[in-house]
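Asker: Okay, sequence plus prediction incoming.
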Protein chains: 2
Amino acid sequence: MTARRAAAGGQAGSRPAGDRRAGGRRAGDSGTREAIGEAARAQFAEHGYRGATIRGIAAAAGVDPALVHHYYGTKEALFAAAMRLPVVPSEVLSAALTPAGGMPAGPGFGAHLVRTALQLWESDELKETFLGLLRSAVTSEQASVMLREFISDSILGTVARVAGLGRQWSPAEAEYRAAMVATQMLGLALTRLVLGLPAVAGASVDELAATVGPSVERYLSGDIDLPARLVCSRRPRTAYPRRPGGI
Amino acid sequence: MTARRAAAGGQAGSRPAGDRRAGGRRAGDSGTREAIGEAARAQFAEHGYRGATIRGIAAAAGVDPALVHHYYGTKEALFAAAMRLPVVPSEVLSAALTPAGGMPAGPGFGAHLVRTALQLWESDELKETFLGLLRSAVTSEQASVMLREFISDSILGTVARVAGLGRQWSPAEAEYRAAMVATQMLGLALTRLVLGLPAVAGASVDELAATVGPSVERYLSGDIDLPARLVCSRRPRTAYPRRPGGI
DNA sequence: TGTAGAGTTCAACAAGTGTTGAATTAATGT
DNA sequence: ACATTAATTCAACACTTGTTGAACTCTACA
């Protein structure tokens, strides 16, 4: 309660603290909208789309539930707004993925990638967005689409582009290789952040990077056994051939 | 609606179809309890613990919601009962993990393991249990504990035991290696079954086994970079040192 | 035949959900 | 000083949720 004042610090508010009259406008430009957004991101990250409630978000922001609907219309819209990444991740990713001293796809690149990702979601608002997306995508159709697009467009595209520098990959092969990386990285996130498997959650970033890195590197630049249909690049891109989970 | 008759077929019921009087006992031993259990497993698999509702489960079983509470007491108890594996998986796993012709940890063992797992949850009641557990573990504390224990005890233990035949691993090292396998396999399940990433969901079992298999094999029998604290086996087992997700 | 008991349904309660509209207060522009 | 408008709260609606207790109907057994 009243966590809003602390959370939205530095935006405005020259009025004395502790005033809580009933109804009425408070100040010209309080950071309430942003406070609601941050509270929503935190709640979605912790409970997922279904588990997070408007009343809970409002309480965390120190605000009436009706204000949530006043600023963001519906719960879906609030979720979409809260899960919009604060920074466009492609540039951040490209910058983070290039190790100091050029040579993006050289040896040790996999470990560098894993370490970067682990550090990125170790403590940040990016972690909240990612966790909220992951927790919600498992049950909500909308969130599933959002996470899928987020992974496909932003993450996989960038990873494939950076890692494929100097190589001649068909788009289909690049997509497949990047998807394998996603497979490993999402499993790492799931077991470490969500499930809390002891051996994974208890390991350090460097340890995990050293162990998992070579697998990722193999997916990106190794001599893997590609599906036969991908070698001659007939580009079956974004074909969505099957969806076994019924999502 | 009235899917119960079809779902619980072959149990009993010698009365004419289409009767639906109000109240009262129907027959001596209808398979209602089992029908409710199956409906619950399906609903939990599709919507997760929070998303599945008692009324929905009852409707899927063609039964009054009160009957659900009559047989299984509360929703939590129903979930626990529905997620109890129909077959003890350790024996199934051990049998499935040993390729025809001995030599459990030889070359190609990783691909065999991946193929086995993919086929196992391709179409079965095991897939429903697993999906229900996975979908629920992301938001429900109880389900998270269940899935963690399920993975730690049943899966990881068996995998580590089978793969470590003839090797001298400390328990801590075996646990770490098996956890890395879980990392990869859970990521595969998440992207293929839940998220439906095109490149992963569209690939065949054999293709994925060929691509992912070597990674798993490396985790199990390869020369990986182990954390330094694991080499001298001071057994920090089940230590739960940290849980970043706040689960 | 009668009685105990299991199977089943009905109706409702209390709590929590997203959402809405009216009312209230303060800042701002004229 | 006055009207406008944005920010905020209150109170409620319509709905869904898990859960409960009473009632009803049939079978099984004495």
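Answerer: Thanks, I have it. Owing to the predicted nature of the structure, the values given are computational and were not obtained by experimental measurement.

Asker: what residues go with each domain of chain A?
Answerer: Structurally, chain A divides into domains by automatic domain parsing as follows: A:3-82, A:89-231.

Asker: Pull the number of nearby residues for A:Leu134.
Answerer: As a burial measure, A:Leu134 scores 23 neighbours (other C-beta atoms under 10 Å in any protein chain shown). Yep, even glycine has a C-beta here, placed from its N, CA and C like the rest.

Asker: correct me, but it touches A:Val194?
Answerer: Yes. Using C-beta atoms under 8 Å as the test, A:Leu134 is close enough to A:Val194 to be in contact (6.7 Å).

Asker: who touches both of the two?
Answerer: When C-beta atoms under 8 Å, 6 or more residues apart in numbering or on different chains defines a contact, the residues bordering A:Leu134 and A:Val194 alike are B:Val138.

Asker: Mean neighbour count, the domains of chain A: which tops it?
Answerer: Each of the domains of chain A was scored by mean neighbour count; the highest is domain A:89-231, a mean of 19, by mean count of other C-beta atoms under 10 Å in any protein chain shown.

Asker: Tell me which of the domains of chain A approaches B:Thr116 most closely.
Answerer: Nearest of these to B:Thr116, taken as C-beta to C-beta: domain A:89-231 at 17.1 Å.

Asker: still on that earlier bit, quick one: which of the domains of chain A is nearest DNA strand C?
Answerer: DNA strand C sits nearest to domain A:3-82 of all the domains of chain A, at 2.2 Å, using C-beta to the nearest atom of the strand.

Asker: so where do the helices sit in chain A?
Answerer: Ranges of helices within chain A are A:3-7, A:32-51, A:54-61, A:65-71, A:75-82, A:89-97, A:109-120, A:125-137, A:141-149, A:157-163, A:171-189, A:198-201, A:205-221, based on DSSP state H.

Asker: what's the average pLDDT for the fifth one?
Answerer: What it means is helix A:75-82. pLDDT averaged over helix A:75-82 equals 94, rounded to a whole number.

Asker: Could you measure from the residue of chain A found nearest chain B over to DNA strand D?
Answerer: Closest approach of chain A to chain B (C-beta to the nearest C-beta) occurs at A:Gly187, with a separation of 2.3 Å. Distance from A:Gly187 to DNA strand D, counting by C-beta to the nearest atom of the strand, to the nearest Å: 30 Å.

Asker: OK, contacts around the closest residue to that residue other than its chain neighbours?
Answerer: Leaving aside its sequence neighbours, A:Gly187 sits nearest to B:Gly187 (C-beta to C-beta, 6 or more residues apart in numbering or on different chains; 2.3 Å). The contact partners of B:Gly187, taken as C-beta under 8 Å, 6+ apart, are A:182-188, A:190.

Asker: give me the low-pLDDT residue ranges for chain A?
Answerer: Chain A contains residues with pLDDT under 70 at A:1-30, A:85-89, A:99-106, A:166, A:232-247.

Asker: in it, which residue is closest to the centre?
Answerer: When chain A is reduced to its mean C-alpha position, the nearest residue by C-alpha atoms, centre = their mean turns out to be A:Phe130, at 2.7 Å.

Asker: wait, A:Met146 sits on A:Ala81?
Answerer: No. Because the distance of 11.6 Å does not satisfy C-beta under 8 Å, A:Met146 is recorded as not touching A:Ala81.
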